[in-house]
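Chemist: Give me a model of this one.
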Amino acid sequence: MNNKLILPLIVISQFCCTSLWFAGNAVMSDLVATLQLNENAIGALTSVVQFGFIIGTLVFAIFTITDRFSPSKVFFICALLGSLFNLGIVYHGNTYTTLLLFRFLTGFFLAGIYPVGMKIAADYFEHGLGKSLSFLVGALVLGTAFPHALKVFTSGLPWDYVIVSTSVLALIGGLSIFFFVPDGPFRKSSSSFQFSAIFDIFKKEKFRSAAFGYFGHMWELYTFWAFVPLMIIAYNTIHQVEANTSLYAFLVIGIGSIACIIGGYISEKIGVKKTAQLVLLLSCTCCFISPLLFYQSSQFLFTVFLMLWGMFVIADSPLFSTLVAQNAPIELKGSALTIVNCIGFAITIVSIQLISLMQEIISIEYVFVLLSVGPLVGLYFLKEK
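Modeler: Residues are numbered from 1 along each chain as shown. Sure thing, here's the model as predicted:
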């Protein structure tokens, strides 16, 4: 396979497979109506995918799956199983419990897709890894948003079409990796199971610095994404204006894919670490000044601000993954990426729950200043020793 085609294939496959992530969210209202679920079920069905991903990444990391076995084959098997469990949503005999199980298992096997895709890229692109991973994370952003667009495209058709379409896409993505992307030339296999190895790498100062920078970034990222619609609604309420919340939320989140690619190119000029520090600082600044933007009267300015924040909040994600991969032992690169993802996504749940609680105590315009804690911690660990 021509190496020039490898990165586009990985990116397209990543996009296809990560469409599984929010497939359930895109048809959530239909599921609630069809199965006559309680409104509280919406939050649980959303969170259980994250929990599945966390447990999956933990299992994959502890057993060093992607370092002991072919990453391409692991990606394919997880894409196949993830698509099947996603398809389980359309089973007519579903109950609330079986829905939770299907979404949990979908999240579990996403652990063999997102971080494993980064591992495959790292095995091919030892040089220019930051730019390569920027395309992959950009694909993740678009992939997670795609089911919502698919819902619009299939308007008037049964909601099952969204689920079937994302499952087919995931299968295509998995097959593309299996047949056209063999294991990379820089892959070094870990021949034995090392239970403690994945924890020992945190003793490396540079790896620890990159990992904690990523953890600080994750504190902000998914909470920002989760609350973008509420930010827009809050602004509309304060100023008595109207805006298409779904459309604006899609723009704010989706523009992050472009930011990832831009960040990757900048990192080739000034370095991965410096670019990550700069983006994290800009994102932190957005957290601090966010209350001011709620009270200015220009809806255009508020939207531009949110879109800039949407760019800064994600642009450093592939850069941190690059730093993690570069500072991990080569034979444990895949497991290192996986365990860092596991911890990072666990942090997102804590952050989301904290902001949910705090918005009941303080006005929503001020609550997002708390997101600055993550970037500040990340900047602290990234600073030169």
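
Chemist: ok, and the closest non-adjacent residue to the residue most central in space within the chain?
Modeler: For the chain, the residue nearest the mean C-alpha position is residue 140 (6.2 Å; Cα atoms, centre = their mean). Leaving aside its chain neighbours, residue 140 sits nearest to residue 18 (5.0 Å; criterion: Cβ to Cβ, 6 or more residues apart in numbering). Yep, even glycine has a C-beta here, placed from its N, CA and C like the rest.

Chemist: what's the answer for residue 224, then?
Modeler: Ranked by Cβ to Cβ, 6+ apart and with sequence neighbours excluded, the top spatial neighbour of residue 224 is residue 313, at 5.1 Å.

Chemist: now swap in residue 251 and tell me
Modeler: In space, residue 251 is closest to residue 307, 6.4 Å off (Cβ to Cβ, 6+ apart).

Chemist: Let me see the contact set for that neighbour.
Modeler: 251-252, 255 (Cβ atoms under 8 Å, 6 or more residues apart in numbering).

Chemist: of all those, which comes closest to residue 28?
Modeler: The closest of the contacts of residue 307 to residue 28 turns out to be residue 252 (Cβ to Cβ; 19.7 Å).

Chemist: any idea which helix or strand carries the closest one?
Modeler: helix 245-254 (DSSP states H and E).

Chemist: tell me what the host helix or strand of residue 319 is packed against?
Modeler: Counting by DSSP H and E, the element that carries residue 319 is helix 317-326. Packing contacts for helix 317-326, counted by 3 or more Cβ pairs under 8 Å, 6 or more residues apart in numbering; DSSP states H and E, involve helix 114-124, helix 129-153, helix 205-239, helix 256-270, helix 272-295, helix 333-358.

Chemist: Apply 7 Å and report the result again.
Modeler: helix 129-153, helix 205-239, helix 256-270, helix 272-295, helix 333-358 (3 or more Cβ pairs under 7 Å, 6 or more residues apart in numbering; DSSP states H and E).

Chemist: what comes up buried for whichever helix or strand comes after the last one?
Modeler: On the C-terminal side of helix 333-358, the nearest following helix or strand under DSSP H and E is helix 364-367. For helix 364-367, burial by neighbour count (16 or more other Cβ atoms under 10 Å) applies to 364-365, 367.

Chemist: how about those residues in a markdown table, adding pLDDT?
Modeler: As requested, the buried residues of helix 364-367 are exported to a markdown table (pLDDT from 0 to 100):
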| residue | pLDDT |
| --- | --- |
| 364 | 85 |
| 365 | 89 |
| 367 | 93 |
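
Chemist: want to try TSV for those, with distance to residue 275 as columns?
Modeler: Output for these, formatted as TSV (distance: Cβ to Cβ, whole Å):
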residue	distance to residue 275
364	32
365	31
367	29
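
Chemist: ok, of those residues, which one's closest to residue 56?
Modeler: Closest to residue 56, out of all of these and judged by Cβ to Cβ, is residue 367, at 30.7 Å.

Chemist: what sits against the closest one?
Modeler: 355, 358-359 (Cβ atoms under 7 Å, 6 or more residues apart in numbering).

Chemist: Output stretch 131-140 as PDB, nothing but the C-alphas.
Modeler: Listed next in PDB are the C-alpha coordinates belonging to stretch 131-140 (Å, rounded to 0.1, in the frame of the first residue of the first chain):
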ATOM      1  CA  LYS A 131       0.100  16.600  12.000                       C
ATOM      2  CA  SER A 132      -1.000  13.000  11.400                       C
ATOM      3  CA  LEU A 133      -2.900  12.800  14.700                       C
ATOM      4  CA  SER A 134      -4.500  16.200  14.100                       C
ATOM      5  CA  PHE A 135      -6.300  14.700  11.100                       C
ATOM      6  CA  LEU A 136      -7.400  11.700  13.200                       C
ATOM      7  CA  VAL A 137      -8.800  13.800  16.100                       C
ATOM      8  CA  GLY A 138     -10.500  16.100  13.500                       C
ATOM      9  CA  ALA A 139     -12.100  12.900  12.100                       C
ATOM     10  CA  LEU A 140     -13.300  12.000  15.600                       C
END
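
Chemist: Show residues contacting that stretch.
Modeler: 7, 10-11, 14-15, 18, 114, 117-118, 121, 125, 257, 260-261, 263-265, 267-268, 317-318, 321-322.

Chemist: what stretches of this protein score poorly on pLDDT?
Modeler: Counting by pLDDT under 70, the chain contains low-confidence residues at 1-3, 39-43, 126-128, 148, 151-152, 155, 188-198, 246, 384-385.

Chemist: And the residue lying farthest from the centre of it, its phi and psi?
Modeler: Relative to the centre of the chain, and counting by Cα atoms, centre = their mean, the farthest-placed residue is residue 240 at 33.3 Å. Phi and psi for residue 240, reported as degrees, to the nearest 10, are phi 50, psi 50.
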